[in-house]
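> turn this into a structure:
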Amino acid sequence: MNKSEKVSLAFGIILALFAAFLMFDGQILGPDTAGIARVLGIMAIGFIAGGPSLLGKDRNRSEEQA
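Next up, the predicted model:
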């Protein structure tokens, strides 16, 4: 696991925890934070699963293999 994968994984986990906190305490940003928390959670899952490909880091490696 290289540095960009670790950064993407850490950012995804932090974003997922923040989204869970918004779901838990829904009055932080106003009365309707469930939608914002859902979007942040989906983005967090993408960062965790996608890794550096979402950041465009391994685009050169995938082009070389093709």
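
> from residue 18, how far out is residue 31?
Remark: distance between residue 31 and residue 18 (CB to CB, to the nearest Å) = 19 Å. From N, CA and C alone the C-beta is placed, and that goes for glycine too.

> comparing those two, which residue is more hemmed in?
Comparing residue 31 with residue 18 by other CB atoms under 10 Å, the one with more neighbours is residue 18, at 14 against 7.

> and whichever strand or helix holds the more buried one, what's buried?
Per DSSP states H and E: residue 18 is located in helix 3-24. Within helix 3-24, the residues that count as buried by 16 or more other CB atoms under 10 Å are 5, 8-9, 12, 15-16, 19, 22.

> quick one: average confidence on it?
Averaging pLDDT along helix 3-24 yields 88.

> roughly how far is the helix or strand just after that helix from the heart of the chain?
Counting by DSSP H and E, the next helix or strand C-terminal to helix 3-24 is helix 34-50. Distance of helix 34-50 from its chain centroid, counting by CA atoms, centre = their mean, to the nearest Å, is 6 Å.

> again, but for stretch 8-24
The mean C-alpha position of stretch 8-24 is separated from the chain mean by 7 Å, CA atoms, centre = their mean.

> again, but for stretch 5-22
In terms of CA atoms, centre = their mean, the centre of stretch 5-22 is found 6 Å from the chain centre.

> circling back to that earlier point, what's the angle between the helix holding residue 18 and helix 34-50?
160 degrees (axes from the mean of the first three to the mean of the last three CA atoms, to 10 degrees).

> I'd like the numbering to begin with 53 instead of 1 from here.
Sure, I'll start counting at 53 from here, so that last one is helix 55-76.

> other SSEs contacting helix 55-76?
Here helix 55-76 touches helix 86-102, helix 104-107, going by 3 or more CB pairs under 8 Å, 6 or more residues apart in numbering; DSSP states H and E.

> I'd like to know the average pLDDT value across the shortest one.
The pLDDT scores in helix 104-107 average 59.

> so which of the helices and strands packed on helix 55-76 gets nearest residue 53?
Residue 53 sits nearest to helix 104-107 of all these, at 9.9 Å, using CB to CB.
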